[in-house]
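Undergrad: Let's see this in three dimensions:
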Amino acid sequence: MKAIAITRAAKDGSNIDALQEITLPKPVAQGHDILVAVNAISVNPVDTKVRSGFSSDTPRVLGWDAVGTVVETGEAVTLFKPGDAVWYAGSLTRPGSNSEYQLVDERIAALKPQSVENAAAAALPLTAITAWEMLFDRLGIQENGSEGEVLLIVGAAGGVGSILTQLARRLTKVTVIGTASRPESQKWVTELGAHHVIDHSKPLTEELQRIGVKHVTHVASLTNTEEHYAQLIEALIPQGKFALIDDPVALDVRALKAKSISLHWEFMFTRSMFVTSDIIEQHNLLTRVAKLIDQGVLRTTLGEHYGTINADNLRRAHALLETGRAVGKIVLEGF
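TA: The predicted structure follows:
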């Protein structure tokens, strides 16, 4: 089968050019695995992080978001059958979706939304899982509840922010404040349902004052946490909740003590990496998100379609993501 893999470590600060097409044996499904013929994928910041940190002599297939068709099932599979159209975000510990065929555990996959095309669906799985787990499992915001609470989403125009904004606005009663720094990204966040949009290139406490908000109850920090850390603590109420997904080099957690602020990490690969007892929850939430899309409650976060799945287009996608200026998700489709 055809695949696009990272083939060498970074040299002179980058290894984007080391994304190369290779040929691999077609895998065989066993146990809880389904074998999926990949139809569309999207590219996430995790792709660029794994690529830039690559140091092995063995090529590695990247890519996690995917939509495809089940062609074979393992003997323990009960959720799917050949011919089913599925979507998933895969596992960090296994070969990725930048290939014609991919093995994925059935418990982290679900039937794709029926109302959208493959490319539109491929934009969502990883970010939807991340956003859902952050909002409901980590921050503890209540579905159909949390009235009077205020959620500040730092980096609301990105992939995770784009679906988190929708989930918070459509499924809860919190006031949603998103940050974005450019006119086009601010417009995007407003269209996704944020009650307010503020500029994270300016002091966040001043921006909150500008819209008449003194304090927030919850923070979802999706990017540049170190840069905004002190101001986010200042903005949070006593006993507020602070969640993050990025990789700050260091955070002084002692700064949270005076206000008894709780700190929550969200890493959507935890369940698949450790095969946790509740791993099936990713199947369940993707099933729910698919239904919400088909009901018109949620919309795709597709930002740009980069054409077919090949090395050249993947290099372009990685390059754009590394600028930090992507709005929504970058999708590729077909081989």
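Undergrad: Doesn't residue 5 lie inside a helix?
TA: No - checked against DSSP: H, G, I helix; E, B strand; the rest coil, residue 5 lies outside a helix; its state is strand.
Undergrad: the strands in the stretch 101-250 of the chain, which residues?
TA: Assigned by DSSP state E, counting those that start in this stretch, the stretch 101-250 of the chain shows strands spanning 101-105, 109-111, 150-154, 175-179, 196-198, 216-221, 236-244.
Undergrad: Next, format these as a markdown table and append mean neighbour count and distance to residue 333.
TA: For glycine as for every other residue, the C-beta is placed from the backbone atoms N, C-alpha and C. Output for the strands of the stretch 101-250 of the chain, formatted as a markdown table (neighbours: other CB atoms under 10 Å; distance: least, CB to CB, whole Å):
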| stretch | mean neighbour count | distance to residue 333 |
| --- | --- | --- |
| strand 101-105 | 24 | 15 |
| strand 109-111 | 23 | 18 |
| strand 150-154 | 27 | 28 |
| strand 175-179 | 27 | 28 |
| strand 196-198 | 23 | 31 |
| strand 216-221 | 25 | 30 |
| strand 236-244 | 19 | 32 |
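Undergrad: Indicate which one of those strands is closest to residue 332.
TA: With CB to CB, the closest approach to residue 332 among the strands of the stretch 101-250 of the chain belongs to strand 101-105: 14.2 Å.
Undergrad: Would you enumerate the residues in contact with residue 19?
TA: By CB atoms under 8 Å, 6 or more residues apart in numbering, the contact list for residue 19 reads 4-7, 51, 62, 311, 314-315, 318.
Undergrad: out of the strands of the stretch 101-250 of the chain, which comes closest to residue 207?
TA: Nearest of the strands of the stretch 101-250 of the chain to residue 207, taken as CB to CB: strand 196-198 at 3.7 Å.
Undergrad: about what we covered before: so which of the strands of the stretch 101-250 of the chain comes closest to residue 187?
TA: That would be strand 196-198 among those, by CB to CB, at 8.5 Å.
Undergrad: okay if I get the strands of the stretch 101-250 of the chain as JSON lines plus mean pLDDT?
TA: Converted to JSON lines, those look like this (pLDDT from 0 to 100):
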{"stretch": "strand 101-105", "mean pLDDT": "98"}
{"stretch": "strand 109-111", "mean pLDDT": "98"}
{"stretch": "strand 150-154", "mean pLDDT": "98"}
{"stretch": "strand 175-179", "mean pLDDT": "98"}
{"stretch": "strand 196-198", "mean pLDDT": "97"}
{"stretch": "strand 216-221", "mean pLDDT": "98"}
{"stretch": "strand 236-244", "mean pLDDT": "98"}
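Undergrad: Would you mind giving these as CSV with distance to residue 29 added?
TA: Output for the strands of the stretch 101-250 of the chain, formatted as CSV (distance: least, CB to CB, whole Å):
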stretch, distance to residue 29
strand 101-105, 6
strand 109-111, 12
strand 150-154, 38
strand 175-179, 41
strand 196-198, 45
strand 216-221, 36
strand 236-244, 35
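Undergrad: do you know which of these lies nearest residue 297?
TA: strand 175-179 (14.9 Å).
Undergrad: Walking through the stretch 51-200 of the chain, point out its helices one by one.
TA: Secondary structure of the stretch 51-200 of the chain, counting by DSSP state H, counting those that start in this stretch: helices at 118-122, 125-132, 159-171, 183-192.
Undergrad: which helices and strands sit right next to the first one?
TA: Okay, so that is helix 118-122. Using 3 or more CB pairs under 8 Å, 6 or more residues apart in numbering; DSSP states H and E, the elements in contact with helix 118-122 are strand 33-43, strand 66-73, strand 85-88, strand 302-305, strand 329-333.
Undergrad: same thing but 10 Å
TA: Under the contact definition 3 or more CB pairs under 10 Å, 6 or more residues apart in numbering; DSSP states H and E, helix 118-122 sits against strand 33-43, strand 66-73, strand 85-88, helix 280-294, strand 302-305, strand 329-333.
Undergrad: ditto for the second one
TA: Judged by 3+ CB pairs under 10 Å, 6+ apart, helix 125-132 is in contact with strand 33-43, helix 45-52, strand 66-73, strand 85-88, helix 159-171, helix 280-294.
Undergrad: Out of the contacts of residue 19, which is nearest to residue 138?
TA: The closest of the contacts of residue 19 to residue 138 turns out to be residue 62 (CB to CB; 25.9 Å).
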